[in-house]
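**Student:** Structure, please.
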Amino acid sequence: RPNVLFIMADDMRPEIKAQVHDKSPWLEPNMHTPHLDKLAGDGVLFRRAYCQFSWCNPSRASLLTSRRPDTTMVHNNSVFFRMRNPDFTTLPQYFKKNGYTTLGMGKIFHIMGGNGNDDHDNRRSWSQPMFYVEKNELVPEVGPEWQAIGTKQRHGRMLLDEAVTINAKRTLRKVAADWKKNEKNFFVAVGLKKPHLKFIFPEEYMEYYPLDDVGMPVNPTASNSTPDIAWFRSNEMRGSPEYANFTENWSRNNSLADWIVRDLRRAYFSCISYIDNLVGQILGELHDLGLANDTIVSFIGDHGFHLGEHSIVGKNTAFEVANNSPMIIRIPGVTDGGHISDKLVEFVDLFPTLAELSNLPNVPYCPSKKKESMGVSLCTEGTSLVPLFRDMNTTQWKDRVFFQYPHYKGHAQHFCMGYSMRTEQYRYTEWVSYDYALKEPVDWNDVCAVELYDHHVDPHETNNIAFDPPLRDIRKDL
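**Tutor:** Okay, here's the model as predicted:
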């Protein structure tokens, strides 16, 4: 059985230089990500990977249990998944049950705090309580929305992800000794907080992104054909004191000032290069310890992010940029030399994939009915990616993936849920009435809005063609 190193970044869209291609022209072409590029060069880079929900807690609850959001019933950042489904088996928990030492650090599960829950899932998922660093040891994340941190600002303290990386290397040294002496397998999970807002990073990473060279979105406002329910007010950014005088008129048709967007994009890209360096340090430690040939490496971001596209800065939408996310898997002896896949994959696929690759008992498929799935401790609503590792060109693969996001419609519990399906060519979304408090929350007969975008001609999603007469049959099929 191989070991597993599982690394997850927060709010990271697939801004990896190796990822740049004509099907995602919204990506920055001049990224500095040498370590992630190297990982992709030794693994499989899935360029068409999608989260199930473009918000931290729902996405993580989904991918770590391999259940879709309507099964986890986690649709916001205030409900820990065990409050709804206490007996679900998580990805690290499954490895623990099968004899692995499971150790976690940083942000793996979404941490809400103060609600009496074991938000880290220490008791069930981990062999030891997750690593915790005292806040007084860290550079405080207060003040402006982006900050390039120099030596004088540190006062001898570390940034959070630096502390997590130091612990990751220390943990790998610990499990390496146990592996070499006792052949004790490990599953080590490392959660890096950036590039989540606030965009705080060591100042040297700005050098890779001269301000005048930073690309700007070609779709800075929402198109007239996009329904209002699909737009999001960018709540994280809207409350920023330093931009208070510039956000009053911010709307779907009136974007943030170019200088603000350019600054934020530069800072976000700098954060990614910072994260890339930390990933490089962790992978370097794995190599130096002689573990690389015995360890599967999985890297993902939990969802995508708008950087001014559609007049949005943040996540929380059904748009492509909020849901297309990075995914790289390296399997020693299998993916050597690197491969690029444009097959449609989704985050619920990851759990059964890592289990099968590690020669654990295969994770069974969940019952097709949601209520029955909720009553099963261990099952998957995804598909193992192992057939793709056997044959990258196979035609026997899924031709659609799914994600969703709710936006308010009236009072606090009443939403329109944007159920979305992505095929190779189209993204189709039906916004339907959804009341979280009801036993049967979805009313498919109460349609709030519909979106359809043809990515062959409109990869920036600027023209909603859902009501074009020639597309009537295609929309019906979708």
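
**Student:** helices or strands up against the strand or helix carrying G280?
**Tutor:** For G280, the enclosing helix or strand under DSSP states H and E is helix 258-288. Counting by 3 or more Cβ pairs under 8 Å, 6 or more residues apart in numbering; DSSP states H and E, the packing neighbours recorded for helix 258-288 are strand 3-9, helix 34-42, strand 146-149, helix 160-182, strand 186-192, strand 199-202, strand 295-301, strand 306-307. (C-beta placed from N, C-alpha, C; glycine too.)

**Student:** Just the mean pLDDT for that helix, thanks.
**Tutor:** The average pLDDT within helix 258-288 is 98.

**Student:** Show me what counts as buried in it.
**Tutor:** The neighbour-count check on helix 258-288 (16 or more other Cβ atoms under 10 Å) flags 260-280, 282-283, 285-286 as buried.

**Student:** what do you get for stretch 405-420?
**Tutor:** Quick answer for stretch 405-420 (16+ other Cβ under 10 Å): 405-407, 409, 414-420.

**Student:** Kindly present the residues you listed as a markdown table, with separate columns for distance to N253, pLDDT and secondary structure.
**Tutor:** Shown next, in a markdown table, are those (distance: Cβ to Cβ, whole Å; pLDDT from 0 to 100; DSSP: H, G, I helix; E, B strand; the rest coil):
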| residue | distance to N253 | pLDDT | secondary structure |
| --- | --- | --- | --- |
| Y405 | 21 | 98 | strand |
| P406 | 23 | 96 | strand |
| H407 | 17 | 96 | strand |
| K409 | 21 | 83 | coil |
| H414 | 26 | 78 | strand |
| F415 | 23 | 90 | strand |
| C416 | 20 | 95 | strand |
| M417 | 25 | 96 | strand |
| G418 | 20 | 98 | strand |
| Y419 | 26 | 98 | strand |
| S420 | 23 | 98 | strand |
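
**Student:** Looking at those residues, which two lie furthest apart in space?
**Tutor:** Distance extremes for the buried residues of stretch 405-420: the farthest pair is H414 and S420 at 19.7 Å, using Cβ to Cβ.

**Student:** Have a look at this protein and report the helix or strand with the lowest mean pLDDT.
**Tutor:** Within the chain, no helix or strand scores below helix 370-374, which has a mean of 88 by mean pLDDT, DSSP states H and E.

**Student:** buried stuff in it?
**Tutor:** Neighbour counts over helix 370-374 (16+ other Cβ under 10 Å) mark 373-374 as buried.

**Student:** Quick one: list the elements packing against that helix.
**Tutor:** Short answer (3+ Cβ pairs under 8 Å, 6+ apart): helix 370-374 packs on helix 69-72.

**Student:** Show me what the helix it packs on packs onto, helices and strands only.
**Tutor:** Partner elements for helix 69-72 (3+ Cβ pairs under 8 Å, 6+ apart): helix 56-65, helix 370-374.

**Student:** show me where the stretch 351-478 of the chain has helices.
**Tutor:** Listed from the start of the chain, the stretch 351-478 of the chain has helices (DSSP state H, counting those that start in this stretch) covering 370-374, 386-390, 472-477.

**Student:** Centre of the chain to the last one, how far?
**Tutor:** Relative to its parent chain, helix 472-477 has a centroid offset of 30 Å by Cα atoms, centre = their mean, to the nearest Å.

**Student:** Of all the residues in it, which ones are buried?
**Tutor:** Neighbour-count burial for helix 472-477 flags 474-475 (criterion: 16+ other Cβ under 10 Å).

**Student:** contacts for that helix?
**Tutor:** The contact list for helix 472-477 (Cβ atoms under 8 Å, 6 or more residues apart in numbering) reads 426, 428, 450, 452, 466.

**Student:** OK, contacts around the second one?
**Tutor:** Which is Y428. Counting by Cβ under 8 Å, 6+ apart, Y428 touches 420-421, 450-452, 466, 475, 478.

**Student:** The residue nearest to E203 when sequence neighbours are not counted: neighbour count?
**Tutor:** Beyond its immediate neighbours in the sequence, the residue positioned closest to E203 (Cβ to Cβ, 6 or more residues apart in numbering) is A148, lying 3.8 Å away. Around A148 there are 17 other residues, counting by other Cβ atoms under 10 Å.

**Student:** Pass me the low-pLDDT residue ranges in the protein, would you?
**Tutor:** 112-118, 410-413 (pLDDT under 70).

**Student:** and the helices of the stretch 351-478 of the chain as CSV, adding distance to Y94?
**Tutor:** CSV is the format used below for the helices of the stretch 351-478 of the chain (distance: least, Cβ to Cβ, whole Å):
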stretch, distance to Y94
helix 370-374, 16
helix 386-390, 16
helix 472-477, 37
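
**Student:** can you list the helices and strands packed on helix 69-72 in a markdown table and add distance to M216?
**Tutor:** Shown next, in a markdown table, are those (distance: least, Cβ to Cβ, whole Å):
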| stretch | distance to M216 |
| --- | --- |
| helix 56-65 | 26 |
| helix 370-374 | 42 |
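
**Student:** so which of those comes closest to E461?
**Tutor:** Closest approach to E461 among the helices and strands packed on helix 69-72 (Cβ to Cβ): helix 56-65, 20.1 Å.

**Student:** Show residues contacting the closest one.
**Tutor:** With Cβ under 8 Å, 6+ apart as the contact definition, helix 56-65 has outside contacts at 8, 10-11, 51-53, 67-69, 72, 74-81, 85, 88-92, 107-110, 112, 196, 300, 302-303, 347-348, 350-351.

**Student:** Are any of those buried, and if so which?
**Tutor:** So, by 16+ other Cβ under 10 Å, the buried ones in the contacts of helix 56-65 are 8, 10-11, 51-53, 67-69, 72, 74-75, 79-81, 85, 88-92, 107-110, 196, 300, 302-303, 347-348, 350-351.
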